[in-house]
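**Student:** generate coordinates for the sequence data below:
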Amino acid sequence: MLQQVSKRLGSVQVLREISFHVAVGECAVLVGRNGSGKSSLLRMLAGMILPNSGSMQSSFKGRTMLAIDGLPKLPFTAKEYLMTMGRIHGIRSAVLEQHIKQWSERLYLGAAIDQQLPLLSKGTLQKINLIQSLLPGPGGLILLDEPLSGLDHAAQEAIVSLLQQWKEQGTTIITACHEPLIIERMADHVIVLQHGQILRHWRQSDLECIGQPDMRIQSLMSHAVNSGQVNQIANATGQLGVRSVHSSRAERHEDIVHNEWVWDWRVSRSSADQIIAQIVASGGSIVSVQQDKSLIQMERLLEGDSPTQAIADEKDTLSLDAPSAASVVKEDAQ
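**Tutor:** I've put the predicted structure just below:
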């Protein structure tokens, strides 16, 4: 895609001999500190600025979509802005209305869709910014500048899940991102920029060691659900899916009643849905579901450490705290 590309803005050399190739349907994540050249590189890929030297080639079919870092507070309501952007993309009004409604619900915009942009919070503006770039649908190339910045956890999960689906449908994604979530879930390339140059370029073979962060599920079960039933759930989902299970007697809180037990599950992401379904089928209820702490240490990654080095310390810590489900359940039963 890029071959020895350089760019100077005034007296500042913002990009120096940048070369990399991203294939159709791949995801590349640009990481680097402020001023490293990430935003300039995205704008160049979008055709907003041209290189001073080097060459750019694209094999992508379909539109190029861009969400910049920070949406200007224009004098429109959120819906007026999205309708205008949709028309620029050539989307018919009836289809556009439906897309905006679906995205508003998916990102929990609520009444904010009818409010003026200058009145919206940073997080809500970011949602509007992302929606305008996603309106045309999957396919082509999508460029995102810090897409998860300012978003709550639910919105981050919604965006990443959608991008995963689009990637599977052949959409090429290049994004600058400080959060490890996109790297863990969908990156084929991690390109580390420093002072406008590529410091490191990690590919899929380098990223395979990262794995997925665990999920933590807190469930509430009556005293009638004994340790044996919990053990059956753990075994049914596969021993590798359950890292640990702990229980404690529930106290009298707003949403927890006496004589019930709170079970804390630490499970692999791939087994989380199945475990939740089995907990509910056993008469339990779900109190909360949260992603565990990321394994990637972004500070070390920014300094050029390999993904293996950037997660090594965290993995060592987790391994000390992950007894098998069977041993913990047996201990609780005694």
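**Student:** nearest spatial neighbour of residue 68, chain-adjacent residues omitted?
**Tutor:** Excluding the flanking residues, the one nearest residue 68 by C-beta to C-beta, 6 or more residues apart in numbering is residue 145, at 5.3 Å. Yep, even glycine has a C-beta here, placed from its N, CA and C like the rest.
**Student:** if I pick residue 76, what's in contact with it?
**Tutor:** Counting by C-beta atoms under 8 Å, 6 or more residues apart in numbering, residue 76 makes contact with 84, 116, 117.
**Student:** how about these in JSON lines, adding distance to residue 222 and pLDDT?
**Tutor:** Formatted as JSON lines, these follow (distance: C-beta to C-beta, whole Å; pLDDT from 0 to 100):
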{"residue": "84", "distance to residue 222": "54", "pLDDT": "93"}
{"residue": "116", "distance to residue 222": "50", "pLDDT": "95"}
{"residue": "117", "distance to residue 222": "49", "pLDDT": "93"}
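**Student:** can you give me the helices in the stretch 101-250 of the chain?
**Tutor:** With DSSP state H, counting those that start in this stretch as the criterion, the stretch 101-250 of the chain has helices at 122-134, 153-168, 181-186, 204-207, 227-236.
**Student:** mind checking which of these is nearest residue 276?
**Tutor:** Closest to residue 276 of these is helix 227-236 (C-beta to C-beta; 10.0 Å).
**Student:** which strands and helices sit next to that closest one?
**Tutor:** Using 3 or more C-beta pairs under 8 Å, 6 or more residues apart in numbering; DSSP states H and E, the elements in contact with helix 227-236 are strand 242-249, helix 269-281, helix 325-333.
**Student:** domains in this protein, by residue range?
**Tutor:** 2-207, 215-333 (automatic domain parsing).
**Student:** returning to what we had before: comparing the helices and strands packed on helix 227-236, which yields the minimum mean pLDDT?
**Tutor:** Lowest mean pLDDT within the helices and strands packed on helix 227-236: helix 325-333, a mean of 39.
**Student:** sorry, back to before: comparing the domains of the chain, which gets the lowest mean pLDDT score?
**Tutor:** domain 215-333 (a mean of 67).
**Student:** and the closest residue to residue 109 other than its chain neighbours, how far from residue 30?
**Tutor:** Excluding the flanking residues, the one nearest residue 109 by C-beta to C-beta, 6+ apart is residue 127, at 6.2 Å. Per C-beta to C-beta, to the nearest Å, residue 127 is found 22 Å from residue 30.
**Student:** swap in residue 222?
**Tutor:** Taken as C-beta to C-beta, the span from residue 222 to residue 30 is 50 Å.
**Student:** pick out whichever of these two has more residues nearby.
**Tutor:** residue 30 (25 against 13; other C-beta atoms under 10 Å).
**Student:** bridging residues for the more buried one?
**Tutor:** In this entry, residue 30 is beta-bridged to residue 176, residue 191, by DSSP bridges.
**Student:** my guess is it meets residue 39, correct?
**Tutor:** No. At 9.1 Å, residue 30 does not count as touching residue 39 under the criterion of C-beta atoms under 8 Å.
**Student:** and for those two, which residues touch both?
**Tutor:** Shared contacts of residue 30 and residue 39 (C-beta under 8 Å, 6+ apart): residue 176.
**Student:** picking that back up, what about the residue nearest to residue 68, how many neighbours?
**Tutor:** Other residues near residue 145 come to 23 when the count uses other C-beta under 10 Å.
**Student:** circling back: which ones are touching the residue nearest to residue 109?
**Tutor:** Contacts for residue 127 were tallied using C-beta under 8 Å, 6+ apart; they are 107, 109, 151, 155.
**Student:** do the same with residue 12
**Tutor:** Not one residue lies near residue 12 by C-beta under 8 Å, 6+ apart.
**Student:** would you check how far apart it and residue 289 are?
**Tutor:** From residue 12 across to residue 289, the span is 46 Å (C-beta to C-beta).
**Student:** look up the closest residue to residue 106, ignoring the ones flanking it.
**Tutor:** Distances taken as C-beta to C-beta, 6+ apart put residue 158 closest to residue 106, at 5.4 Å, once the chain neighbours are dropped.
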